[in-house]
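Trainee: this one's structure only:
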Ligand SMILES: Nc1ncnc2c1ncn2[C@@H]1O[C@H](COP(=O)(O)OP(=O)(O)OP(=O)(O)O)[C@@H](O)[C@H]1O
Ligand SMILES: Nc1ncnc2c1ncn2[C@@H]1O[C@H](COP(=O)(O)OP(=O)(O)OP(=O)(O)O)[C@@H](O)[C@H]1O
Ligand SMILES: [Mg+2]
Ligand SMILES: [Mg+2]
């Protein structure tokens, strides 16, 4: 019975020790390294600082980081930066809340019934294809030039990625879980709460991340129209007066805010999707 | 052995006949109805036409559909609409191609190695948080105001949703398939081609859909800068001269284009994802 | 082997009470050009325990899905009546990966049932009965194959259905655990007398558990056998031997474990 | 039941050739506070056919995953050496849903192998051998449970591995199909003499197929039994009875199919 | 609350019912702050419902259309654009700017010294904005046609960047902007070319429908003198303005603020609008020549019932 042994090349693999390594080549990216995502931005910052310090950057075009930080500190203590930020955040938050709710409701309606899909989905596609900037005059006509119009535009910018990602994610929910829900006689609401929403969460989070920055970004344009404060207004003003450092400060704030809010959503994502056994976990 | 029969209420269900219906309540949206998605946009158009016909709409604010179509026909035969469309499409296509490639490559690099993730992911998050409009001056400095600069900005607008959706989608690939690939000793390239990409396709398509319209939309802003043709230029001009019908024509073209390109991507999606048994299929 | 099973077809008529819990008449189902169920007629009286055997790919799961009303989009015809409260154990364990084990078991059950019993308590008890005490808070992905299957069984058991459809619920269990689950299922059956339609590949299991054993072949019920032995039955009971051999023969296996009729 | 299996532990020493294909020394694996493998020592000589039994949740799949080198992130220690070409049949069939059945079988194989044989042809042949001729272009989601399992088996067979790890590869198969697959697996083994580590819950299957049967209990190899009978073996062979009973006893089951020792 | 209708030929009403309100544009918040600092705000005999920060011509026209704005402060172009777009709005007060407010800045390392040398060069051109008209007027004055130069279509906020990047040879910059530019690029050979072309009009205008409401028309008439006094106040109190406006609300340094105020025009509120109307007509003709608008009579843009109000409110030295 002992057969002629094939030419095996046994690989000794010690585990747990400092030299232990699995012999199967790992295709997944390996364990998560916390804070590693900071590396890229920090490198960028270092290059910027280095180039500025070495005099390689024309400060008229891109001021040094310390100049920008100094300007920031100055505007924070003596200028309008604090109110600008607060105003912008408040506007973004309102638009975000409305857009989020609208996106979720529309996506559920379109994703869970063919009638909803017929009425909503095509309309949303047309809506998102139309440049929101091109619609500003129309919105001003309907809503005036106050806060309402800004909040509505932010909401539009927000609802689109939320809708699109959530709709696609829930369209992709495994049919086996739908069958399970049918067999368990889940009510439609239970089905939505316990199957559809958790199953669509991974996709939803992508929409959320696009939406968070979207809400913030649209302020650059919106706060040029009848605003007397806000980050967009600050940058618009600076452009008027050729204050490059203030513009770069604004961009920096955007960058930091974007990174922070993205990290926050991801943290949430990681907690909510703790059940997932996937490539990244 | 025959037990006391519980109070059953048998429901007679005939199948296949005209009265046949399954007794399990269906939670999935039911079979797809082709072209149903046109309903919403067509309704909108009908309301617009109706309101215009009834004289409810101020034609200076929103001209009647036939006026707009007439303007369109006029610009098509006698005006610049044809070249404008061709120019815009060509610009969008170039930027789209570059952005798509960049988004895919970056997402794969960041999604499949922790080093890639450390270097790329945070940087992309910062990049996407920074308003592209705010970066226009910088890009003009580096790239001038010719075509290159427009194409690069479109590419940036495109790569962001592609990256974000693809990166999230591939991070969500079931770990069981990764194990399978390891056990089958797939090369990294085979792994990417045969497991990662097909597995991430559903999410990728969402990014693609956002990107297609994104490329097109950024033209509204870009074609105000050193452009003498293109759809964005046409609309910008019209805004200067208060040609509401031309503006609405432009928005209409955007809408039609958006709907059409979205439908095209979906058709592709349905073919490529034919294997999927999900809520929507 | 078709002629063989044909010739073995049990002539024994099913005892049909006035109002069967499940009635299928001329049930047909096909996928594209493949007809999987080709006019199945079947009555299951209320409270009967039926086992369903058949080759891999013979259409057992398709039949179960039809009875459960899940095949909305599968082509087919026929008449079908079933009770209201149906519970299904799927062939895959089909736990929602994003709900912990206990929450999976309790999925869709009200916090308190009609008699005011606490659902969570009953869920825990059901998990304990299938040997998963202490794993209530695990994610489904953290369970072994057999543990997942048992969790799915527990989910069906807390529901006290009028009709239980179970698609190979013990396939991934070792001998001992399997016997425990048999006992559990019989106990449940004795308590509530649901009608049971159990798909299994284990002929012994079918003979030991069921009142009646069906063999599905070529889209029809080829064998319909009433097992007329008192419960509890022992695997060693010599009277089971005859049933076992008839069923194995219907499946195309000789008693010595060789394929029947060459091939 | 631990003392029972302990007392049944086979004292028989494994014949160890100079250079075993698989060697595990003090292999430990734990999930959180649960230690699943508690210092497993195991040598499998090249070309040996080993069956692994154990209760549901006893750590069989964990052991297989460790041998396959798949548990990158599971805590544990120990030494492990295996051959280069390992093939795994997972407990779930794990077909890529987005590739058709034939493409799943051929996943990762070069278009032509070293001897210039056409991969697609071999894939088709393997599918035919497991009874799936004609289903090459189906999506995995269109296969029945047992068909999926057989497609996964075909995927392992085309690879001609030096070590085949199979986790309950026949769990969802009916008696006849199961016997066919047994034959197929034995033939493959006779052709290439891979080392095989087969997890199964079917004691008969283990006794009929394997040269050596292990029982995993409480994180260790509790029983290590060499089955010294010539192949092919018949299920009816009375000499198997003794092995069967020792194994069932190790699993805690009395020969009459009742749990041993109360509980 | 709308008042009785008022024909455009009827004399302005003298009474102003309480409760009348107007929405008055306050670009970058300047108008409101100016009236607050000078105390003039307390003299406003009606309610200012809001002070929207709306400055750019198209935005103002949009806001007029949306009934979000009743009175705005712009240069000469927006009323022409509005008329061309079919929107009826009238000029109710004006302040003449004698000193040029724009310069032509060259890109770094440029050899261009005169407007005549613009021939064949790349010029930043924003057609809907004052900068565009200044450029057209200058070319016209130098005997150049549009086709003699390369007009690079840009929005004015891109002018500075386009110069820095060397993408255009010339861009018209507001003087304050030009100073900032020279501060930074004069060392690289960037310079400016003076032009005599002025952007003559700084005006107050209102939608015709506002003026057709007797109550609102009365409010507008009441606001015009206050607006004029405000201009004078800023001119007479530059240091307060620098500190309170530029430094505190605009985040720019005192030095920069002083540079800007040093360039500001002395207000000039003429009792007669004839010169302004002629100038506006010239602009219209110039734009019409370039094919940018259709020609029409400038007269229709002005509501001469308001002609005397501003001049009457200020000391003589600010009237001519
Ligand atoms: N969605 C589908 N599309 C096409 N064919 C299908 C589909 N579902 C099932 N089939 C085919 O129908 C036949 C019966 O499938 P079914 O799942 O009912 O078999 P089964 O008796 O449960 O087998 P097993 O014991 O292997 O689970 C199989 O041949 C299968 O390939
Ligand atoms: N990722 C995990 N996290 C936590 N516990 C786990 C995990 N994977 C497995 N386990 C536990 O480890 C034990 C052994 O699991 P394993 O899958 O090896 O069992 P098994 O012997 O294959 O059982 P079965 O016969 O049911 O497949 C089980 O109790 C299981 O719950
Ligand atoms: Mg099945
Ligand atoms: Mg297992």
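Mentor: Nice, I can see it. Quick caveat: nothing in here was measured; it's all calculated off a predicted structure. Ligands and ions are numbered 1, 2, ... in the order given.
Trainee: could you report the pLDDT at the residue nearest to residue A:65 when sequence neighbours are not counted?
Mentor: Spatial nearest neighbour of residue A:65, chain neighbours left out: residue A:49 (5.0 Å); criterion: CB to CB, 6 or more residues apart in numbering or on different chains. Where C-beta positions appear, they are placed from N, C-alpha and C, glycine not excepted. Looking at residue A:49, its pLDDT is 93.
Trainee: residues near residue A:49, how many?
Mentor: 14 (other CB atoms under 10 Å in any protein chain shown).
Trainee: any idea how far residue B:64 is from it?
Mentor: Using CB to CB, to the nearest Å, we find residue A:49 at a distance of 59 Å from residue B:64.
Trainee: the residue nearest to residue A:65 should be in a strand, yeah?
Mentor: No: read with DSSP: H, G, I helix; E, B strand; the rest coil, residue A:49 is helix and lies in no strand.
Trainee: what sits against it?
Mentor: A:64, A:65, A:66 (CB atoms under 8 Å, 6 or more residues apart in numbering or on different chains).
Trainee: closest one of those residues to residue D:58?
Mentor: Checking those against residue D:58 by CB to CB gives residue A:65 as the nearest, at 59.7 Å.
Trainee: so who does the closest one touch?
Mentor: By CB under 8 Å, 6+ apart, residue A:65 lies in contact with A:45, A:48, A:49, A:52.
Trainee: run the last query once more with 10 Å
Mentor: A:45, A:46, A:48, A:49, A:50, A:52, A:53, A:248, A:252 (CB atoms under 10 Å, 6 or more residues apart in numbering or on different chains).
Trainee: could I get the full set of helices for the chain?
Mentor: Using chain A here. Secondary structure of chain A by DSSP state H: the helices cover A:39-53, A:65-77, A:81-112, A:114-116, A:122-129, A:132-143, A:147-171, A:175-183, A:188-191, A:197-222, A:231-240, A:244-272.
Trainee: chain E is the one I meant
Mentor: Under DSSP H, chain E gives helices at E:30-38, E:57-65, E:77-84, E:130-141, E:159-164, E:175-185, E:208-211, E:214-236, E:238-241, E:248-250, E:254-262, E:274-289, E:309-313.
Trainee: those into JSON lines, with extra columns for distance to residue B:84, mean pLDDT and mean neighbour count?
Mentor: Below are the helices of chain E laid out as JSON lines (distance: least, CB to CB, whole Å; pLDDT from 0 to 100; neighbours: other CB atoms under 10 Å in any protein chain shown):
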{"stretch": "helix E:30-38", "distance to residue B:84": "39", "mean pLDDT": "92", "mean neighbour count": "20"}
{"stretch": "helix E:57-65", "distance to residue B:84": "21", "mean pLDDT": "84", "mean neighbour count": "23"}
{"stretch": "helix E:77-84", "distance to residue B:84": "22", "mean pLDDT": "88", "mean neighbour count": "23"}
{"stretch": "helix E:130-141", "distance to residue B:84": "22", "mean pLDDT": "87", "mean neighbour count": "22"}
{"stretch": "helix E:159-164", "distance to residue B:84": "23", "mean pLDDT": "84", "mean neighbour count": "24"}
{"stretch": "helix E:175-185", "distance to residue B:84": "32", "mean pLDDT": "81", "mean neighbour count": "20"}
{"stretch": "helix E:208-211", "distance to residue B:84": "34", "mean pLDDT": "92", "mean neighbour count": "19"}
{"stretch": "helix E:214-236", "distance to residue B:84": "42", "mean pLDDT": "93", "mean neighbour count": "22"}
{"stretch": "helix E:238-241", "distance to residue B:84": "46", "mean pLDDT": "92", "mean neighbour count": "16"}
{"stretch": "helix E:248-250", "distance to residue B:84": "39", "mean pLDDT": "81", "mean neighbour count": "17"}
{"stretch": "helix E:254-262", "distance to residue B:84": "41", "mean pLDDT": "83", "mean neighbour count": "16"}
{"stretch": "helix E:274-289", "distance to residue B:84": "23", "mean pLDDT": "89", "mean neighbour count": "17"}
{"stretch": "helix E:309-313", "distance to residue B:84": "45", "mean pLDDT": "90", "mean neighbour count": "20"}
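Trainee: output those helices as CSV; include the columns distance to ligand 4.
Mentor: Below are these laid out as CSV (distance: least, CB to the ion, whole Å):
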stretch, distance to ligand 4
helix E:30-38, 75
helix E:57-65, 68
helix E:77-84, 76
helix E:130-141, 76
helix E:159-164, 65
helix E:175-185, 72
helix E:208-211, 80
helix E:214-236, 83
helix E:238-241, 81
helix E:248-250, 71
helix E:254-262, 75
helix E:274-289, 82
helix E:309-313, 91
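Trainee: would JSON lines of those with distance to ligand 2 be doable?
Mentor: Below are the helices of chain E laid out as JSON lines (distance: least, CB to the nearest ligand atom, whole Å):
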{"stretch": "helix E:30-38", "distance to ligand 2": "65"}
{"stretch": "helix E:57-65", "distance to ligand 2": "60"}
{"stretch": "helix E:77-84", "distance to ligand 2": "69"}
{"stretch": "helix E:130-141", "distance to ligand 2": "68"}
{"stretch": "helix E:159-164", "distance to ligand 2": "56"}
{"stretch": "helix E:175-185", "distance to ligand 2": "62"}
{"stretch": "helix E:208-211", "distance to ligand 2": "73"}
{"stretch": "helix E:214-236", "distance to ligand 2": "74"}
{"stretch": "helix E:238-241", "distance to ligand 2": "71"}
{"stretch": "helix E:248-250", "distance to ligand 2": "60"}
{"stretch": "helix E:254-262", "distance to ligand 2": "64"}
{"stretch": "helix E:274-289", "distance to ligand 2": "75"}
{"stretch": "helix E:309-313", "distance to ligand 2": "82"}
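Trainee: quick one, phi/psi of residue C:49?
Mentor: The phi and psi values for residue C:49, taken as degrees, to the nearest 10, are phi -110, psi 110.
Trainee: for it, give me its contacts.
Mentor: Here residue C:49 is in contact with B:1, B:3, C:164, C:185-186, C:189, C:193-198, C:209-213, C:227, C:231 (CB under 10 Å, 6+ apart).
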